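Novice: sharing a model prediction with you, sequence too.
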Amino acid sequence: MNYFLTGGTGFIGRFLVEKLLARGGDVHLLVRKESLDKLEALRERWGPASDRVHAVVGDLGKPGLGLDAKTRKALAGKVDHFFHLAAVYDMASDEASQQQANVEGTRHALEAASALEAGCFHHVSSIAAAGLFKGTFREDMFDEATNLDHPYLSSKHESEGVVRQECQLPFRIYRPGMVVGHSRTGEMDKVDGPYYFFKMIQKVRRTLPEWVPTIGVEGGRLNIVPVDYVVDALDHIAHQPGEDGLCFHLVDPEPYKVGEILNLFCEAGHAPRMAMRVDSRMFGFVPPFIRQSLKNLPPVKRLTSAVLEDLGIPESVLSFINYPTRFDDRESERVLRGSGIEVPRLTDYATVLWDYWERNMDPDLFRDRSLRGAVEGKVCVITGATSGIGLSTAQRLADAGAILVIGARKPERLKEVAASLRDRGAEVHAYQCDFSDMEACDGFVTQVLEDHGVVDVLINNAGRSIRRSLALSFDRFHDFERTMQLNYFGAVRLIMGFAPGMLKRKRGHVVNISSIGTLTNAPRFSAYVASKSALDAFSRCAAAEWSDRNVTFTTINMPLVKTPMIAPTRIYDSVPTLTPEEAADMVTEAIIQRPKRIATRLGVFAQVTHAVAPKLGEIVMNTGYRMFPDSPAASGKRGDQPRVTSEQIAFAALMRGIHW
């Protein structure tokens, strides 16, 4: 037998070619001249049998597929089966592209099939041809399709109509469901259908433990079928005699609801499952014009677009959450009976699909997630860069090719650090500055902008911490003034100085090194935590104002880090702390990913506890307060600090990273 295929190098086509070659025939594939390399790459997949695959240069967009006279003469009367698979299978594609490929492309394929005097024209349509029909859509239904407003739905319906109305050859029509990867290997070639939600599931997994129940949607039933079933069924039905003029649904007769599908993939990806699923139909009492008005409010549209863009979900996909159509497949079932070809259950291969996506298709795999990609050639300002977190971060940025601007109080140490960073091959500019002095901050901003013109990343790292109980601070109001002066006013002064340039260019990122104490409300650190909380609040307000101008803020609620700042408190020598290098990892993540906040799970849990059960949080923190004494220096006494007890070590290990 001789076969002719359009779309033979596409996802479904490459599997179908394997099946047809196994039958011993010759396969002629329509290939654009510029895509010949793609065909050659597939020959290795098809093995020795690929010698029977012949490239036919043409174009779906041209009448008669652009076949030349020589090709038409050579194949005329010799093509037993003409398979038309080429189409745009993309919900996000523009209307013009879909009309050209799906509708006009089908008309051109029919012209070519007629010129070649093909034995049978096999049109691979889609369940999308039914539109958003409410109820059960049978294989013998076509004109009954409704709600074809989406360009993809209308183009698939119109292209099938072209075959029904204009085809002069025997024909068969196939409507596959939503095609996903191979049920045994997971192989897939693009993100589509349920794959759009995989990134959301992945992000939930990174945020919450697997055992935490979540809330989701119930939705309608999506008809998902693996590519191997579609190809096996298509190949079998195409070669059965006496089936011309019929339409076959290649679907799952027992489809799952959207919520069930998401839960299956949550389980496959080890993410929390939706213990409660809300059926949106319960809001059907709200008049449609009110729902539409709410959706069209500018803040709602911006929020929706931002969330969907972050998750990589096309907005048009949301209209299919409540998919209303069920598909009868009695004709397919009749022809496939006894063949052993059945639709596998999604429960049996969801893990395979997820694993293939995460290993081969996750967009993050193809994005430059390196620090060099984020900062090379960009001006990065770091305050407090001569020790601890600041120094470790500066070293990372130096190795990544950033233009480093470092500031610190002590000129000798600043000069020493700048030299060591230059030895690493970095471009370093050092400025002596006391960031608790507002005039010095202004001078720093003026000089940096004069020297460099712009600042791309500002890392507010310089800070002062004071560990002292309030009972010992009644006559030390200057403790609160000192921490506020550096941790809040100094940082805000720099932000306000560099922000105009960032806003003008619509590009800039501010990273604030905050504290886990702002989440846990750490006792003995009221002066420090209050100053950091003030900066957190300022940043949230500023981010809300500048969100649409691409000037972003990241707050890092840093747990306890072993730096010179905590050295005077000897008790910290015996409790778990992060190293400056581990802290620099968090800063690096902030620069690359630009999240709103980076915090440990313990910190987030503490904040949630204080929100929902504040008294419980207060009791826990008070327990720690009573367990860990003030240092002799904080009490105004001299002498050695008391030895750390095993009870204190155990409690600190349980509350890893919290200041006591």
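Specialist: Perfect, I can see it now. Everything numeric in this text was worked out from a predicted model, so none of it was measured.
Novice: can you get me a residue count around Val53?
Specialist: For Val53, the neighbour count with other CB atoms under 10 Å is 21. Every residue, glycine included, has its C-beta placed from N, CA and C.
Novice: how about it, nearest residue that isn't a chain neighbour?
Specialist: Closest residue to Val53 apart from its sequence neighbours, by CB to CB, 6 or more residues apart in numbering: Val27 at 5.0 Å.
Novice: likewise Gly219?
Specialist: Using CB to CB, 6+ apart, the closest residue to Gly219 is Val258 (2.8 Å).
Novice: then Lys78?
Specialist: Once flanking residues are discounted, Lys78 sits nearest to Asn2: 5.2 Å by CB to CB, 6+ apart.
Novice: if we can go back for a sec, wasn't the residue nearest to Val53 part of a helix?
Specialist: No. Using DSSP: H, G, I helix; E, B strand; the rest coil, the assignment for Val27 is strand, not a helix.
Novice: what's the burial count for it?
Specialist: 25.
Novice: wait, it sits on Leu16?
Specialist: No. Under the criterion of CB atoms under 8 Å, Val27 makes no contact with Leu16, lying 9.1 Å away.
Novice: and the helix or strand where Ala113 lies, how far out from the chain's middle?
Specialist: Per DSSP states H and E, Ala113 falls inside helix 105-115. Relative to the centre of its chain, helix 105-115 is centred 40 Å away, using CA atoms, centre = their mean, to the nearest Å.
Novice: what mean pLDDT does it get?
Specialist: Average pLDDT, helix 105-115: 97.
Novice: show me what contacts the residue nearest to Val53?
Specialist: Neighbouring residues of Val27 by CB atoms under 8 Å, 6 or more residues apart in numbering: 2-5, 8, 17, 20-21, 52-54.
Novice: one more pass at 6 Å, please.
Specialist: Shown in contact with Val27 (CB atoms under 6 Å, 6 or more residues apart in numbering): 3, 17, 20, 53.
Novice: CSV for these, including distance to Asp451?
Specialist: Shown next, in CSV, are those (distance: CB to CB, whole Å):
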residue, distance to Asp451
Tyr3, 69
Val17, 62
Leu20, 68
Val53, 63
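Novice: the residue nearest to Glu210 when sequence neighbours are not counted: which element?
Specialist: Excluding the flanking residues, the one nearest Glu210 by CB to CB, 6+ apart is His270, at 5.4 Å. In the assignment (DSSP H and E), His270 maps to no helix and no strand.
Novice: look up how far Pro209 lies from His270.
Specialist: Using CB to CB, to the nearest Å, one gets 10 Å for the distance from His270 to Pro209.
Novice: which of these two has more residues huddled nearby?
Specialist: Legend: neighbour count by other CB under 10 Å for His270 and Pro209, higher for His270 (13 against 10).
Novice: now that one: how far from Glu589?
Specialist: In terms of CB to CB, His270 sits 21 Å off from Glu589.
Novice: with Gln99 instead?
Specialist: In terms of CB to CB, Gln99 sits 44 Å off from Glu589.
Novice: stretch 239-256: end-to-end distance?
Specialist: End-to-end span of stretch 239-256 (CA to CA, to the nearest Å): 30 Å.
Novice: residues contacting Leu535?
Specialist: 488, 491, 512.
Novice: can you get me a residue count around the second one?
Specialist: Residues contacting Ala491 under the criterion other CB under 10 Å number 28.
Novice: name the element it belongs to?
Specialist: helix 491-505.
Novice: ok and the following helix or strand past that helix relative to helix 491-505, angle-wise?
Specialist: Note on helix 491-505: by DSSP H and E, the next helix or strand toward the C-terminus is strand 508-515. Strand 508-515 runs at 160 degrees relative to helix 491-505, counting by axes from the mean of the first three to the mean of the last three CA atoms, to 10 degrees.
Novice: strand 508-515: what's the following helix or strand?
Specialist: helix 517-520.
Novice: how far out from the middle of the chain is that next one?
Specialist: Using CA atoms, centre = their mean, the offset of helix 517-520 from its chain centre is 29 Å.
Novice: how about the helix or strand following it as CSV, C-alpha atoms only?
Specialist: Where DSSP H and E defines the elements, the next helix or strand beyond helix 517-520 is helix 526-546. Coordinates of each C-alpha in helix 526-546 appear next as CSV, following Å, rounded to 0.1, in the frame of the first residue of the first chain:
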residue,chain,number,x,y,z
SER,A,526,12.0,44.4,69.6
ALA,A,527,14.2,47.3,68.3
TYR,A,528,15.7,45.2,65.5
VAL,A,529,12.4,43.5,64.4
ALA,A,530,10.5,46.8,64.5
SER,A,531,13.0,48.4,62.1
LYS,A,532,13.0,45.5,59.7
SER,A,533,9.2,45.3,59.9
ALA,A,534,9.0,49.0,58.9
LEU,A,535,11.2,48.3,55.8
ASP,A,536,9.0,45.3,54.9
ALA,A,537,5.9,47.5,55.1
PHE,A,538,7.4,50.3,53.1
SER,A,539,8.5,47.8,50.4
ARG,A,540,5.0,46.3,50.1
CYS,A,541,3.5,49.7,49.6
ALA,A,542,6.2,50.7,47.1
ALA,A,543,5.7,47.4,45.2
ALA,A,544,2.0,48.1,44.9
GLU,A,545,2.7,51.5,43.4
TRP,A,546,5.4,50.4,41.0
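Novice: what's in contact with the helix holding Ala491?
Specialist: Against helix 491-505 from outside (CB under 6 Å, 6+ apart): 438, 441, 445, 454-455, 458, 460, 508, 510, 535, 538, 549, 551.
Novice: what of stretch 198-217?
Specialist: So stretch 198-217 is in contact with 259, 265-266, 269-272, 274-278, 311-312, 357, going by CB under 6 Å, 6+ apart.
Novice: ditto for stretch 597-616
Specialist: Contact with stretch 597-616 is made by 516, 519-520, 555-557, 559, 586, 590, 617, 657, as judged by CB under 6 Å, 6+ apart.
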